[in-house]
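Novice: have a look; sequence and predicted model below, questions after that.
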Amino acid sequence: MIGLGRSRAFIKVQDGCHNMCTFCIIPFVRPYASLPFGEIMQQVNDNIAGGVKEVVLTGVNIGHYGLTPVDTIENIASDRHWKMGKLYRRTPGHPDLSDLIDAILDRLPEGTRLRISSIEPEDIDDRFYSQLRHPRMAPHVHMPLQSGSDGVLTEMRRLYDVAGYREVATRIRQAIPQGALTTDILVGFPTETEEQFAETLDFCTEMQFERIHGFPYSPRPGTRAGRLKQLPGNVVKDRNRRLIAHCALLGEQQWQRYVGSVSQVLIEEERHGVLIGHGEAYQLVQLPPQAGIEPGNIVELRLSALRDGVFSAEPVNARVQSS
């Protein structure tokens, strides 16, 4: 599948998730499967041949690539399985995510890069930290948090606590000090108190995320959380508004450290007379159209200013990594 402007390719390598988070309907509606390794590599080869400069691996839970659930979703939903924390095993003879990443990085030519769309903290291992340092690996990790309160994480049946998330985030920052860490946060879970919401705000301040996707909880029929007494809608919306405003300020502060630096920006499109693209750390960049810079190319740009999370930029030189 060719991505935006033949510049980025999204390859779905995995589908389904049996973590059985109490707010999520996915285990009941999505089949659990990994795309065969050979098919993925063929897609990578086809996209490279087509001039794509960035390959993005996607999936419902890509850390599960090459894994098999240990039991049915009904049994995994039991507290006994959840507390064990061993919900999956490696499919015999099947590459796992780290194997897949290594193979793709070995295949990508100079001037192209690999990006991981999203990965859960419990699925990150030592090999992944090492892979983040690879010159063709985008130094950006999107790692869902959902809540910065241990109490809420437990009610959600997430497979980590705040301390565990912090440890993984710290190692990511160490591996890619010039990279970015982004996340998803779900507010207004039925049992979330105002104090627990404040814990989430405090943890976001500690983590200094470059960007968050904040969204309000809404019940899904058939889920455990959907059967709980729900918070008033105005409370949920207000918390989401406060979260987004809080983290927007943090993100603006974090992005400031890139002002004046040089970034390899993938130009994705021209819209309303402006070229738009993303840097290796997923910096959102805009600049006026100019000769030699076209969608589908990676261009070396100096990030000259930042406003509302968007960088303005100017070419460092005329060199363009063209198709």
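Specialist: That came through, no problem.
Novice: is residue 163 located within a strand, as I assumed?
Specialist: No - according to DSSP: H, G, I helix; E, B strand; the rest coil, residue 163 belongs to no strand; its state is helix.
Novice: and it, how many neighbours?
Specialist: Counted by other Cβ atoms under 10 Å, the residues lying close to residue 163 total 8. From N, CA and C alone the C-beta is placed, and that goes for glycine too.
Novice: please apply the same query to residue 169.
Specialist: Applying other Cβ under 10 Å, we find 22 residues neighbouring residue 169.
Novice: isn't it right up against residue 143?
Specialist: Yes - applying Cβ atoms under 8 Å as the test, residue 169 and residue 143 come out as touching, 7.0 Å apart.
Novice: which parts of the stretch 201-323 of the chain are helices?
Specialist: In the stretch 201-323 of the chain, the helices defined using DSSP state H, counting those that start in this stretch lie at 233-255.
Novice: for it, give me the ranges with low pLDDT.
Specialist: The stretch 201-323 of the chain contains residues with pLDDT under 70 at 318-323.
Novice: one more pass at 90, please.
Specialist: Residue ranges of the stretch 201-323 of the chain with pLDDT under 90: 290-292, 294, 316-323.
Novice: all the strands of it, in order from the start?
Specialist: Applying DSSP state E, counting those that start in this stretch to the stretch 201-323 of the chain gives strands spanning 211-216, 262-271, 274-278, 284-287, 298-307, 310-321.
Novice: of all those strands, which lies closest to residue 96?
Specialist: Nearest to residue 96 among those is strand 211-216 (26.4 Å), distances taken as Cβ to Cβ.
Novice: centre of the chain to the closest one, how far?
Specialist: The gap between the average C-alpha position of strand 211-216 and the chain average comes to 12 Å, counting by Cα atoms, centre = their mean, to the nearest Å.
Novice: what of stretch 235-243?
Specialist: 22 Å.
Novice: any buried residues in that stretch, and which?
Specialist: Judged by neighbour count using 16 or more other Cβ atoms under 10 Å, the buried positions of stretch 235-243 are 235, 236, 239, 240, 243.
Novice: likewise stretch 199-217?
Specialist: 199-201, 203-204, 207, 209-212, 214-217.
Novice: try stretch 177-191
Specialist: 179, 180, 181, 182, 183, 185, 186, 187, 188, 189, 190, 191.
Novice: does the fourth one sit in a helix, a strand or a coil?
Specialist: For residue 182, the secondary structure call by three-state DSSP comes out as strand.
Novice: which residues touch it?
Specialist: Contact analysis of residue 182 by Cβ atoms under 8 Å, 6 or more residues apart in numbering lists 140, 141, 142, 143, 209, 210, 211, 212, 213, 282.
Novice: out of these, which one sits closest to residue 98?
Specialist: residue 141 (14.2 Å).
Novice: helix or strand right after the strand or helix carrying that closest one?
Specialist: Element membership for residue 141 (DSSP states H and E) is strand 140-142. Sequence order places helix 150-156 as the next helix or strand after strand 140-142, per DSSP H and E.
Novice: give the buried residues for that next one.
Specialist: 150, 151, 152, 153, 155, 156.
Novice: give me the distance between the residue lying farthest from the centre of the chain and residue 51.
Specialist: The outermost residue of the chain relative to its centre, with distances by Cα atoms, centre = their mean, is residue 291 at 33.0 Å. Residue 291 is 20 Å from residue 51, where distance means Cβ to Cβ, to the nearest Å.
Novice: now residue 317
Specialist: Distance of residue 317 to residue 51, computed by Cβ to Cβ: 22 Å.
Novice: which residues does residue 180 bridge with?
Specialist: When bridges are called by DSSP bridges, residue 180 pairs up with residue 140.
Novice: distance check, it against residue 74.
Specialist: Note on residue 180: its distance to residue 74, by Cβ to Cβ, is 39 Å.
Novice: do the same with residue 267
Specialist: 49 Å.
Novice: which of those two has more neighbours?
Specialist: residue 267 (25 against 10).
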